[in-house]
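In: Sequence below, structure please.
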Amino acid sequence: MSQPSIALIFNPAARGDKARRFRESLGQLLNECTLLETSGPGSATSLAAQAIRDGYKTIVASGGDGTVNEVVNGLTQARDGLGQAQLGILPLGTMNVFARELGIPLTARRAWETILLGQARAVDLPLAKVQTDAGPAERCFVQMAGAGLDGDAVGGVSIALKKKIGPLAYLFSTLAALKAKPPRLTATWDGGSVRGEWMCVGNGRFFGGPVVLFPDARLSDGRLELCVFPRINPGSVARGVASMALGQIGDWPGAEHHRVSELTVTGPVGTRVQADGEFIGTLPLTITLQPRALKVLVPPGK
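Out: Presented below is the predicted three-dimensional model:
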């Protein structure tokens, strides 16, 4: 029997109803793909890179945005991985922001149909360069990145609390971050610069779920949208949260939007940076863009 062309990367310990139902259906997929189990944080990256070397043409990330991010970084680590393989997504996470952006169905059955019958869409792939305890590091992201409040919310979240209460843990982390003095950040790009206390960069429109923070961002136009919040305090955050409840925080009082193809964000040493909802390091942050470098399977017409 020939080897399937699809490698499906999944976390056997994932919790929640979506993950449970998916595990119950795994036996039906054995003839259509090879199952690769993650063993811990970061292992999806090495599994994806090895799957490329083993000749698989479709690499499926089964999980949330963090899993998608890990798998995409695995594609970039393998030689010509982005050219050899396409990404499939089974959105089993809580927010599934990238899947929403692409119009991928949020049910496992329909998402799997998209992987088998969908079309490949080429989207831009941003690359972030940050500082880590081990020195400078690079990490691709697919949807969004941020420095300041969201970086602290992600980087300061309690893993134990997250396991107990899920996404609500980020609310407690955000409230804790608000007690600290916000950093003064500066973003610079070819032909412009801006200052603020919280900065987010979007490859697509959505931030933190079906919330539009980057209204003019498009995944395949060779540009990123920078959203800058000049002042961050409990009052402004409360107003922003109210706007989020209505589906958009792009109208946060005083927020500025800029269209860029690359940029650098500087600020106090140790200021945290998140990408696709995962802590990746600290400032300074430099982001460049690889236009239409990532092929993702989406429903026809998306």
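In: Following the chain past the host helix or strand of S193, name the next helix or strand.
Out: Here S193 is covered by strand 192-196, with elements defined by DSSP states H and E. Per DSSP H and E, the first helix or strand lying C-terminal to strand 192-196 is strand 198-202.
In: neighbouring strands for that next one, and are they parallel or not?
Out: Applying DSSP bridges to the sheet, strand 198-202 is found paired with strand 144-147 (antiparallel), strand 224-229 (antiparallel).
In: looking at the ones you listed, which is buried most?
Out: strand 144-147 (a mean of 28; mean count of other Cβ atoms under 10 Å). Any C-beta I mention is one placed from the backbone N, CA and C, and that applies to glycine too.
In: Please enumerate residues in contact with that one?
Out: The contact list for strand 144-147 (Cβ atoms under 8 Å, 6 or more residues apart in numbering) reads 97, 126, 128, 183, 185, 198-204, 206-207, 213-214, 265, 267, 271-276, 280, 283, 285, 287.
In: Show the subsequent helix or strand relative to it.
Out: With secondary structure assigned by DSSP H and E, strand 144-147 is succeeded by helix 149-155.
In: Off-centre distance for that next one?
Out: 14 Å (Cα atoms, centre = their mean, to the nearest Å).
In: Which strands and helices lie in contact with that helix?
Out: Helix 149-155 sits against helix 168-178, strand 198-202, strand 272-275, strand 278-298, with contacts defined as 3 or more Cβ pairs under 8 Å, 6 or more residues apart in numbering; DSSP states H and E.
In: where are the low-confidence patches of the stretch 1-150 of the chain?
Out: Filtered on pLDDT under 70, the stretch 1-150 of the chain yields the residue ranges 1-3, 13-16, 27, 30.
In: about what we covered before: which of the contacts of strand 144-147 are buried?
Out: Those of those that meet the buried threshold are 97, 126, 128, 183, 185, 198-204, 206-207, 213-214, 265, 267, 271-276, 280, 283, 285, 287, by 16 or more other Cβ atoms under 10 Å.
In: which residues of this protein fall in helices?
Out: Remark: helices assigned in the chain by DSSP state H are 17-25, 43-53, 65-77, 81-84, 97-102, 108-117, 149-155, 159-165, 168-178, 234-245.
In: which residues touch R218?
Out: Contacts for R218 (Cβ under 8 Å, 6+ apart) come out as 204-205.
In: Look up how far R259 lies from it.
Out: R218 sits 10 Å away from R259, going by Cβ to Cβ, to the nearest Å.
In: G88 now?
Out: 30 Å.
In: Tell me which of those two has more neighbours.
Out: Neighbour comparison, G88 and R259: the larger count goes to G88, with 27 against 14 (by other Cβ atoms under 10 Å).
In: Mind listing the residues bridging to that one?
Out: Listed by DSSP bridges, the beta-bridge partners for G88 are V60.
In: Alright, calling it a day.
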